[in-house]
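*Asks:* Next one to model:
(one chain, ligands or ions: 1)
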Amino acid sequence: MRGLFADRIQDVPRSFIREILKVTTDKSMISFAGGLPNRQYFPLDQLRESTNRVFDRHSTDCLQYSNSEGLLELREYISKRYRSEQGLEIPAERILITNGSQQALDLIAKVTINDGDPVVIEEPGYLGAIQALSLYRPRFLPVKVNDEGMDTRSLNKAIKHNPKIMYTVPNFQNPSGISYSYENRSRIADIITRSDCFLVEDDPYGALRFQGDPIKSFYHLAPAQTILLGSFSKTVVPGFRIGWVAAPEKLCDKLLIAKQAADLHTCNFTQYVLVDFLTNYPIDTHLQTIRTVYGAQCRAMIEAIERDFPDYVSCTRPRGGMFLWGRLPEKMSSLELFDRAVARKVVFVPGEPFYTRKTRSSTFRLNFSCTDEQVIDEGISRLAEAIVSMESAGR
Ligand SMILES: Cc1ncc(COP(=O)(O)O)c(C=O)c1O
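*Replies:* Numbering: from 1, shown residues only. Below is the predicted model of the structure:
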């Protein structure tokens with residue numbers, strides 16, 4: 001069969017998380033595995049009203065083919081929001097609407113990476129980025145992230161290989177939940193501006209901060225090289241599949257060509273509905289609700305961990321986003337913990353798929369956005385039992 005398929009697909013595995021999600025269809029299973037926003041807070045009624053208004057106001061226009069760049073009103077909204085929220089001047093012409101930020105990752109890789117090209121990636125890193133980039137067969141240069149951000153000593157070494165792109169999630173990183181400090185961002189920007197590398201700043205979680213003050217985007221520090229990715233998946237709804245890429249001018253045209261070739265354009269109808277929603281309802285009130293809920297759920301998870309987990313298990317303390325990251329002692333395998341947890345009807349994502357090289361890890365990711373505080377309490381208690389059972393089995 002090998003002859004039938006392109007080399008680029010041969011070694012790319014299925015998404016581990018999508019596979020785990022199949023287990024979670026069992027209603028008695030508590031899942032900390034998915035990266036799903038909490039559906040209880042989807043703005044259902046408002047989106048219904050917006051949908052009706054779009055049909056009334058735009059009739060067949062909203063169902064017609066449209067331009068590949070995306071709806072101008074939506075791009076202008078994003079541009080204005082960058083100005084009001086972050087003081088960034090990014091004109092609408094430099095913003096391309098994509099099918100979620102996941103598509104932006106694919107387009108960036110398509111226009112920059114040849115077989116074997118070096119690419120810097122966080123370790124651990126976002127699984128969806130590892131998968132999207134892998135299809136273009138780069139040579140990954142993983143650089144460790146710690147509580148402060150990227151390890152800049154390793155980055156200095158990696159940059160000597162002249163990477164084409166460096167992929168980062170500086171706010172509430174997926175999977176670890178950490179954020180890069182301002183000092184760390186400045187040091188990274190210093191390194192990057194001395195190279196030709198594009199810095200991809202993937203920021204789907206920045207608006208989900210429930211503690212502390214926002215930290216300046218890489219765009220402030222290295223504007224000519226920073227490619228910003230954004231998404232409405234975590235702030236409005238993921239099912240619309242609307243995200244964007246704001247790129248340096250020299251990249252915009254190439255990305256547009258790749259977008260045209262990929263799918264002509266992102267769904268016109270949902271773009272109209274989204275613009276209507278964003279202009280008629282106060283998004284900041286909606287965001288505040290989500291932040292408050294996720295903040296409370298994150299605190300509940302950390303309190304339950306501190307109460308139930310043995311002391312040798314450590315975890316990160318996110319100030320926003322949807323995930324935290326746990327670490328078992330080196331000799332314990334998180335894959336084995338996964339099996340023991342499934343037997344106790346609780347699931348999480350073991351660390352392996354977040355590394356480009358490791359086949360065994362003692363780390364794991366827990367999602368706190370999707371389960372209420374009571375369920376979190378119960379799930380963490382089951383997980384603690386699974387950990388202790390491994391310890392008693394001498395693993
Ligand atoms: C870091 C990161 N980037 C991109 C995405 C993809 O999001 P979207 O729904 O916008 O495609 C996700 C989704 O979980 C993510 O965590």
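
*Asks:* And the nearest residue to Ser179 once chain neighbours are set aside, how close does it get to Pro353?
*Replies:* Nearest residue to Ser179, sequence neighbours excluded (C-beta to C-beta, 6 or more residues apart in numbering): Asn171, at 5.3 Å. For every residue, glycine as well, the C-beta is placed using N, CA and C. Noted for Asn171: a distance of 21 Å to Pro353, by C-beta to C-beta, to the nearest Å.

*Asks:* same question, Tyr126
*Replies:* 10 Å.

*Asks:* repeat for Gly87
*Replies:* Distance from Gly87 to Pro353, by C-beta to C-beta: 36 Å.

*Asks:* if we can go back for a sec, what residues are up against the residue nearest to Ser179?
*Replies:* Residues near Asn171 by C-beta atoms under 8 Å, 6 or more residues apart in numbering: 179-180, 203, 205-206, 209, 215, 320-321.

*Asks:* run the last query once more with 6 Å
*Replies:* Shown in contact with Asn171 (C-beta atoms under 6 Å, 6 or more residues apart in numbering): 179, 203, 205-206.

*Asks:* Ok, Ser362 next?
*Replies:* Per C-beta under 6 Å, 6+ apart, neighbours of Ser362: 328, 330, 332, 334.

*Asks:* Tell me which helix or strand the nearest residue to Gly128 once chain neighbours are set aside sits in.
*Replies:* Counting by C-beta to C-beta, 6+ apart, Gly128 lies nearest to Gln102, which is 5.7 Å off, once chain neighbours are set aside. If you go by DSSP states H and E, Gln102 is part of helix 100-112.

*Asks:* what about whichever helix or strand comes after that helix, near the ligand?
*Replies:* For helix 100-112, the succeeding helix or strand toward the C-terminus, using DSSP H and E, is strand 118-123. No: using C-beta under 6 Å from any ligand atom, strand 118-123 stays clear of the ligand, coming no nearer than 9.8 Å.

*Asks:* Also stretch 299-319?
*Replies:* No: contact of stretch 299-319 with the ligand is not found when judged by C-beta under 6 Å from any ligand atom; the minimum separation is 13.1 Å.

*Asks:* quick one: pLDDT of the nearest residue to Cys267 once chain neighbours are set aside?
*Replies:* Nearest residue to Cys267, sequence neighbours excluded (C-beta to C-beta, 6+ apart): Arg241, at 7.1 Å. Arg241 carries a pLDDT value of 98.

*Asks:* now the one 4 residues further on
*Replies:* The predicted structure scores Val245 at 98 on the pLDDT scale.

*Asks:* ok, it - contacts?
*Replies:* By C-beta under 6 Å, 6+ apart, the neighbours of Val245 are 96, 98, 104, 229.

*Asks:* What helices and strands are in contact with the lengthiest strand in the chain?
*Replies:* Counting by DSSP state E, the longest strand found in the chain is strand 139-146. In terms of contacts (3 or more C-beta pairs under 6 Å, 6 or more residues apart in numbering; DSSP states H and E), strand 139-146 is packed against strand 118-123, helix 152-159.

*Asks:* Whatever helix or strand Lys259 lives in to helix 100-112, inter-axis angle?
*Replies:* Assigned by DSSP H and E, Lys259 belongs to helix 249-263. Interaxial angle of helix 249-263 relative to helix 100-112 (axes from the mean of the first three to the mean of the last three C-alpha atoms, to 10 degrees): 110 degrees.

*Asks:* List the buried residues in helix 249-263.
*Replies:* Neighbour-count burial for helix 249-263 flags 251-252, 255-256, 258-259 (criterion: 16 or more other C-beta atoms under 10 Å).

*Asks:* Among the residues you listed, which one sits closest to the ligand?
*Replies:* Here the nearest of the buried residues of helix 249-263 to the ligand, counting by C-beta to the nearest ligand atom, is Lys259; it sits at 14.2 Å.

*Asks:* Check the closest one and give its pLDDT.
*Replies:* 98.

*Asks:* Go ahead and confirm it touches Gly70.
*Replies:* No: Lys259 is not in contact with Gly70 according to C-beta atoms under 6 Å; the separation is 9.0 Å.

*Asks:* quick revisit: which ones among the contacts of Val245 lie within strands?
*Replies:* 96, 98, 229.

*Asks:* As JSON lines, these with distance to Gln64 and pLDDT would be great.
*Replies:* As requested, these are exported to JSON lines (distance: C-beta to C-beta, whole Å; pLDDT from 0 to 100):
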{"residue": "Leu96", "distance to Gln64": "20", "pLDDT": "98"}
{"residue": "Thr98", "distance to Gln64": "20", "pLDDT": "98"}
{"residue": "Leu229", "distance to Gln64": "27", "pLDDT": "98"}
